[in-house]
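# I'll drop the sequence and a predicted model, then ask my questions.
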Amino acid sequence: WKTYLTMMHWSLQRQSSWVQLAGHQGNFQLSEGGEVLKLYSEVEERCLDSLMRDTLRPFVPQYHGLVTRGEHCYIRLEDLLRGLRRPVIMDCKMGVRTFQVEELITAQSKSSMRSDMYQKMVKIDPSAPSAEEHAQKAVTKLRYLQWRDTTSSSSTLGFRIEGIMMDDGSIQRDFRNIRTLAQATEALLFFTRSHLDILVSFLSYHSRLLALSEALKNSLFFRTHEVIGSSLLFVHDHSSKASVWMIDFGKTTPVPNMSQLLHDVPWAEGSREDGYLIGLTSLIASLGQAISVASWQQQDGCVGEKHVDLKCAEDCG
Ligand SMILES: Nc1ncnc2c1ncn2[C@@H]1O[C@H](COP(=O)(O)OP(=O)(O)OP(=O)(O)O)[C@@H](O)[C@H]1O
Ligand SMILES: O=P(O)(O)O[C@@H]1[C@H](O)[C@H](O)[C@@H](OP(=O)(O)O)[C@H](OP(=O)(O)O)[C@H]1O
């Protein structure tokens, strides 16, 4: 019975296609009518409300207001996986940093020490904490988030891959060692299985990212908001129709004093720049490389072969 019920549960979940690839467990609930419910956050709700009146609207899940379930309030969002069969998904966290500048102040207080983050750090690299952190068995959240940024492609490329789910439902979350564009390209080729129609045709990732790039240039919301920890969700299925969506605005805040951000410069202490466009430019460049490699593979009839000289792809442009 237990196996049967587990299979039924799994099958019902697959019908709705819902899967949570990254983020906090317990933050989401499925709802009727093609919506997902995300635990209410004032910061995120404000962003979604503004985004519904911005040029970025076609690039974010539609926001349908709030609903209360039990003790909690939820944000009603369009389910971006609705109608897809065996979707293939990738979550890329954007920007050169994932900590908010407020963390710089919080980090000075002793109460901000986190033993859970120390544990996560040690599990990945036992030599990462300092002698003092080892003694305290704790690190500040700022320290942990900065360590994650500098040991992943966030600091080098302005984005990092948080997870990929393939069409068989298998999920990979460990892309921490990716540091270079060539490695990111390899991940993109894996994610798209080198299918050129997904990479470059009319409804492809490439055209969607170029359209997003244009929309960002014209967006008042983007100019006036510091976008931290937000992701681009890449989604396609067997129909080869591919799309990219901006999600997660829980740490996206208006910049003070009517000032505006460039988004394409590195962060320095005292600034609020997030490097979002550094990440987008890297992603577009990486897709460009993936398209070149996939084209060569197709010409040579060697799709699926593992060894492609991506360093050469990088050097040859
Ligand atoms: N509107 C949506 N439609 C379909 N899937 C979604 C949607 N929003 C989020 N997801 C899924 O849930 C995951 C987590 O989303 P999100 O980043 O918004 O959560 P979070 O808990 O705020 O994350 P974090 O811990 O990084 O702040 C995504 O990777 C994606 O798989
Ligand atoms: O992905 P990892 O390495 O597991 O680390 C988590 C990730 O950086 C989340 O974005 C962050 O939540 P916020 O974006 O809300 O800060 C969370 O902080 P938290 O544990 O304080 O929720 C971290 O633990």
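That came through fine. Ligands and ions are numbered 1, 2, ... in the order given.
# tell me the contacts of residue 112?
With contact taken as C-beta atoms under 8 Å, 6 or more residues apart in numbering, residue 112 is in contact with 106, 140-142. From N, CA and C alone the C-beta is placed, and that goes for glycine too.
# Please disregard the earlier target; I meant residue 294.
Residue 294 neighbours (C-beta under 8 Å, 6+ apart): 189, 192, 194-196, 199, 303.
# quick one, strands of the stretch 151-300 of the chain?
Using DSSP state E, counting those that start in this stretch, the strands of the stretch 151-300 of the chain run over 159-165, 171-172, 225-227, 231-236, 242-247, 252-254.
# Save those strands as TSV, and put in mean pLDDT too.
Below are those laid out as TSV (pLDDT from 0 to 100):
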stretch	mean pLDDT
strand 159-165	97
strand 171-172	95
strand 225-227	97
strand 231-236	97
strand 242-247	96
strand 252-254	97
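# For the residue in the stretch 151-300 of the chain positioned nearest to ligand 1, grab the count of nearby residues.
The stretch 151-300 of the chain approaches ligand 1 most closely through residue 248 (3.3 Å), counting by C-beta to the nearest ligand atom. Here the number of neighbours of residue 248 (other C-beta atoms under 10 Å) works out to 23.
# still on that earlier bit, mind checking which of the contacts of residue 112 are buried?
Buried subset of the contacts of residue 112 (neighbour count, 16 or more other C-beta atoms under 10 Å): 140-142.
# element containing whichever residue of the stretch 1-150 of the chain sits closest to ligand 1, please.
Of all residues in the stretch 1-150 of the chain, the one sitting closest to ligand 1 is residue 23 (2.6 Å; C-beta to the nearest ligand atom). Assigned by DSSP states H and E, residue 23 falls within no helix or strand.
# From residue 20, how far off is the nearest residue to it once chain neighbours are set aside?
Of all residues not flanking residue 23 in the chain, residue 248 sits nearest, at 6.9 Å (C-beta to C-beta, 6 or more residues apart in numbering). From residue 248 over to residue 20 the distance is 11 Å, taken as C-beta to C-beta, to the nearest Å.
# which of the buried ones among the contacts of residue 112 are close to ligand 2?
With C-beta under 6 Å from any ligand atom as the criterion, the buried ones among the contacts of residue 112 include residue 141 near ligand 2.
# which sections of the stretch 1-150 of the chain are below the confidence cut-off?
Along the stretch 1-150 of the chain, segments meeting pLDDT under 70 span 1-16.
# can you list the residues of it near ligand 1?
Counting by C-beta under 6 Å from any ligand atom, the stretch 1-150 of the chain sits next to ligand 1 at 19-24, 27, 36, 61, 77-81, 89, 91.
# doesn't residue 90 make contact with residue 236?
No: using C-beta atoms under 8 Å, residue 236 is not in contact with residue 90, being 9.3 Å away.
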